[in-house]
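Asker: Show me the folded form of this:
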Amino acid sequence: MPGWDYSDNGYYYITIVSQNRVSNLGKIDNNEMVLSDFGIIVKTEFLKSFEIRNELFLGECIIMPNHIHAIIILNKSELDDLLVNDDLLVNVETHGRASLHNHNHNRTNNPIPPIRKPKSISSFIAGFKSAVNTKIDNYIDENNLDIPKYNRKNHFFQSNYHDRIIRDDAEYNRIKNYIINNPKNWNNDRFNNYSNF
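Answerer: Here you go, the predicted model:
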């Protein structure tokens, strides 16, 4: 969202997609996601992100054959102003609209180049992707797999990701239900158009 500081506290719905949408994270069997070895590595590194980053909390999440959907809660406040559990969502916006803060963004025709701020959504995703590349490369070496390793020119995940700022409880619940029901709706999923790994 233009003008939004992605290091600000908030609820974020993110989608991270494998490079070329290759289904190498697992498969859907009987409406359930079954993780591949790569999928297990991805899950381990994703969950580890929330253990090592005190400002991040994980809402609903699903790893699909070629993408991840997750609700990420960013709360850098020392106060417990966000209660994070399955039963309660405290609003993070003002009057049903996302609170856009004035961070003195350059509003001229010369946009400020993007900067990855520490303790931001982009720094979390960059760290997660880097860890996945390293762990999967180690797995490839350990198992003598005859496949290319992952690096700056050959990414495991697409270089970008999709994000949405969650604005209210209704939107949170809609997204949460979408994530929960993603495996049983895989046959009609827009990401389900590539062959398995």
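
Asker: so where does residue 141 fall, helix or strand?
Answerer: helix 121-142 (DSSP states H and E).

Asker: which outside residues touch that helix?
Answerer: By C-beta atoms under 8 Å, 6 or more residues apart in numbering, the residues outside helix 121-142 that reach it are 6-7, 12, 14, 16, 37-38, 41-42, 44-46, 48-49, 53, 56, 72, 74, 114, 116-117, 145, 147, 149-151, 155-157, 161, 163. Placement of C-beta: from N, CA and C, glycine included.

Asker: If you count contacts, what does the first helix or strand past it going along the chain end up packed against?
Answerer: Following helix 121-142 in sequence order, the next helix or strand is strand 162-165 (DSSP H and E). Helices and strands touching strand 162-165, by 3 or more C-beta pairs under 8 Å, 6 or more residues apart in numbering; DSSP states H and E, are strand 10-17.

Asker: Return the distance of the helix or strand following the strand it packs on from the chain's centre.
Answerer: Using DSSP H and E, the next helix or strand after strand 10-17 towards the C-terminus is strand 26-29. Distance, stretch centre to chain centre, for strand 26-29: 20 Å (C-alpha atoms, centre = their mean, to the nearest Å).

Asker: so what strands line up beside strand 26-29?
Answerer: When pairs are called by DSSP bridges, strand 26-29 turns out to pair with strand 32-35 (antiparallel).

Asker: ok so, going back, just the buried members of the contacts of helix 121-142?
Answerer: Buried members of those, counted by 16 or more other C-beta atoms under 10 Å: 6-7, 12, 14, 16, 38, 41-42, 45-46, 49, 56, 72, 74, 150, 156-157, 161, 163.

Asker: Alright, that wraps it up for me.
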